[in-house]
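A.B. asks: attaching a predicted model along with its sequence, questions to come.
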Amino acid sequence: MRRLVLLALTVLGALAGDAVGLPSSALFSGMLAGIAVALAWPPPAGEAGGTPKGLLHGCEALVGVVLGTYVTLSTLEEIGNDLVPIVLVTLATLGLSVLCGMALARVTDLDRATAAFGTIAGGATGIIVMARELGADQRMVAVLQYLRVFVVVLLTPVLAAVAFGSEGAAGSGGTLPAQEGGLQGLVFAAACVGAGLLLARRVPFPAPTLLLPLLVAAVLTVTGAPGVAAVPELVQQLAFGVIGVEVGLRFTPASLRQAARVLLPALALIAALLVGSFALALVLAPLAGVSILSAYLATTPGGLYAVLAVAVGSGADTTFVLAVQVLRLLVMLVAAPALARRLAPRPAGSSAVP
């Protein structure tokens with residue numbers, strides 16, 4: 001019955017989130033459902049209350065495949081055209097995210113790894129998936145990442161319309177992979193998940209259940225291998241929902257109180273991140289030969305789907321925006337394991353709430 005309640009709450013929440021345009025609505029609704037059930041209906045003593053390990057790993061691998069399909073040949077070509085400025089701005093965004101995380105750790109009771117992962121600008125779903133394995137508090141990372149995405153999704157269309165208006169010309173093309181892959185997409189996803197998890201057993205690699213399937217899917221997508229197709233939307237949402245439930249079930253009253261304590265400092269640092277990203281856009285625009293609007297959308301810290309929708313509607317250079325956003329996503333995911341080692345919680349006085 002507990003699992004049926006979780007399923008019903010997650011599905012209803014995901015449908016409501018889709019209706020209002022919420023990014024990754026199934027993950028968010030799953031997390032909320034998990035929190036509600038964990039607090040109101042804890043499992044009986046001695047019974048595990050989390051998601052089965054095999055199912056969780058399969059869903060993490062599916063998320064990796066979804067992210068891997070963003071790496072297309074046209075995206076890589078666009079990055080190659082303006083490689084130096086795009087890479088420099090991407091690294092600067094990573095540095096800015098880490099600085100915000102360090103500041104958050106200083107003014108709250110979060111450990112440094114959790115604060116840094118919570119403020120990393122890009123790849124929110126992937127970062128949440130990796131957080132626990134890399135020694136961060138996955139619950140707080142999820143709260144902070146979703147807070148950042150909410151702010152970006154709410155503000156980006158308004159700022160683009162008020163500050164820039166319309167470019168008055170069509171963008172240069174480039175979109176996310178098709179959202180419906182049908183049977184071919186299902187077969188492609190299964191093949192990438194199977195190959196990635198098989199590699200994860202044999203190859204020592206950080207966060208292997210996410211990154212190795214991502215690598216397999218990216219290689220197949222870039223090379224144009226036969227059978228490449230988008231992961232079906234329903235399958236994506238199922239994976240996101242399972243991961244959200246797993247995160248939510250780990251919440252306790254103490255961790256919710258901790259989330260409330262970090263809310264205001266986190267909002268202040270998200271504002272600083274937005275200002276810093278806009279400053280980077282002012283640098284990127286002349287170096288890459290694009291409009292300030294295109295550069296601003298490319299450097300916006302998160303909300304990939306919402307940012308691309310604004311880019312298409314405003315006539316910005318969609319291919320450029322997608323290229324910069326995807327490169328940043330990949331850099332953040334690849335850098336996360338090294339960052340975790342660097343910012344590992346200190347032996348004494350760790351602040352993560354049990």
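C.D. replies: Ah, there it is. All figures in this text were calculated on a predicted structure; none of them were measured in a lab.

A.B. asks: point out where the chain drops to low pLDDT.
C.D. replies: 21-24, 43-50, 163-181, 303, 305-306, 309, 312-313, 344-354 (pLDDT under 70).

A.B. asks: for the residue nearest the centre of it, what are its contacts?
C.D. replies: A centroid search over the chain (C-alpha atoms, centre = their mean) returns Ala124, at 1.9 Å, as the residue closest to the centre. Ala124 sits next to Ser24, Gln145, Tyr146, Arg148, Val149, Gly302 when contact means C-beta atoms under 8 Å, 6 or more residues apart in numbering. Any C-beta I mention is one placed from the backbone N, CA and C, and that applies to glycine too.

A.B. asks: what's the most distant pair in those residues?
C.D. replies: Ser24 and Arg148 (12.7 Å; C-beta to C-beta).

A.B. asks: Ala121 reaches Val331, doesn't it?
C.D. replies: No - checked against C-beta atoms under 8 Å, the pair Ala121 and Val331 is beyond contact range at 10.5 Å.

A.B. asks: list residues touching both of these two?
C.D. replies: Leu94.

A.B. asks: more crowded one of those two?
C.D. replies: Taking other C-beta atoms under 10 Å, Ala121 and Val331 do not tie; Ala121 has more neighbours (29 against 18).

A.B. asks: nearest residue to that one other than its sequence neighbours?
C.D. replies: Among residues not flanking Ala121 along the chain, Pro301 sits closest, at 3.3 Å (C-beta to C-beta, 6 or more residues apart in numbering).

A.B. asks: touching, the one you found and Ala272? I think so.
C.D. replies: No - counting by C-beta under 8 Å, Ala272 is not a contact partner of Pro301; they are 10.4 Å apart.

A.B. asks: between these two, which has more neighbouring residues?
C.D. replies: Between Pro301 and Ala272, counted using other C-beta under 10 Å, Pro301 has the larger neighbour count: 28 against 15.

A.B. asks: coming back round to it: quickly find the element holding the residue nearest to Ala121.
C.D. replies: Under the criterion of DSSP states H and E, Pro301 resides outside all helices and strands.

A.B. asks: next one: Val228
C.D. replies: With DSSP H and E as criterion, Val228 is part of no helix or strand.

A.B. asks: what sits against it?
C.D. replies: Thr69, Phe188, Leu220, Thr221.

A.B. asks: count of residues packed around the closest residue to the second one other than its chain neighbours?
C.D. replies: Counting by C-beta to C-beta, 6+ apart, Ala229 is the residue found nearest to Phe188 once chain neighbours are left out, at 4.9 Å. Summarising burial for Ala229: neighbours were counted as other C-beta under 10 Å, giving 19.

A.B. asks: does Ala229 touch Ala190 like I think?
C.D. replies: No - the criterion here is C-beta under 8 Å, and Ala229 misses it with Ala190 at 11.5 Å.

A.B. asks: mind listing the shared neighbours of the two?
C.D. replies: By C-beta under 8 Å, 6+ apart, no residue touches both Ala229 and Ala190.

A.B. asks: distance of the closest residue to Gln237 other than its chain neighbours from Val143?
C.D. replies: Spatially, and ignoring its direct neighbours in sequence, Gln237 is nearest to Ala26 (4.0 Å; C-beta to C-beta, 6+ apart). Per C-beta to C-beta, to the nearest Å, Ala26 is found 17 Å from Val143.

A.B. asks: try Leu99
C.D. replies: 20 Å.

A.B. asks: swap in Ala298?
C.D. replies: Ala298 is 26 Å from Val143, by C-beta to C-beta.

A.B. asks: looking at the two, which one has more neighbours?
C.D. replies: Ala298 (29 against 24).

A.B. asks: hang on, isn't the more buried one packed against Leu280?
C.D. replies: No - with contact defined as C-beta under 8 Å, Ala298 does not count as touching Leu280 (9.2 Å).

A.B. asks: identify the contacts common to the two.
C.D. replies: Taking C-beta under 8 Å, 6+ apart as the contact rule, Ala298 and Leu280 touch no residue in common.

A.B. asks: returning to what we had before: need phi/psi at the residue nearest to Ala121.
C.D. replies: phi -80, psi 70 (degrees, to the nearest 10).

A.B. asks: residues in contact with it?
C.D. replies: So Pro301 contacts Thr93, Ser97, Ala121, Gly122, Arg148, Val152, Ile270, Leu273, Leu274, Ser277 (C-beta under 8 Å, 6+ apart).

A.B. asks: how about the secondary structure of the third one?
C.D. replies: Of the three states, Ala121 takes coil according to DSSP: H, G, I helix; E, B strand; the rest coil.

A.B. asks: look up phi and psi at it.
C.D. replies: Dihedral angles (degrees, to the nearest 10) for Ala121: phi -90, psi 90.

A.B. asks: OK, contacts around it?
C.D. replies: Contacts of Ala121 by C-beta under 8 Å, 6+ apart are Thr93, Leu94, Leu96, Ser97, Arg148, Leu273, Ser277, Pro301, Gly302, Arg328, Met332.

A.B. asks: using the three-state scheme, assign the fifth one.
C.D. replies: In other words, Arg148. helix.
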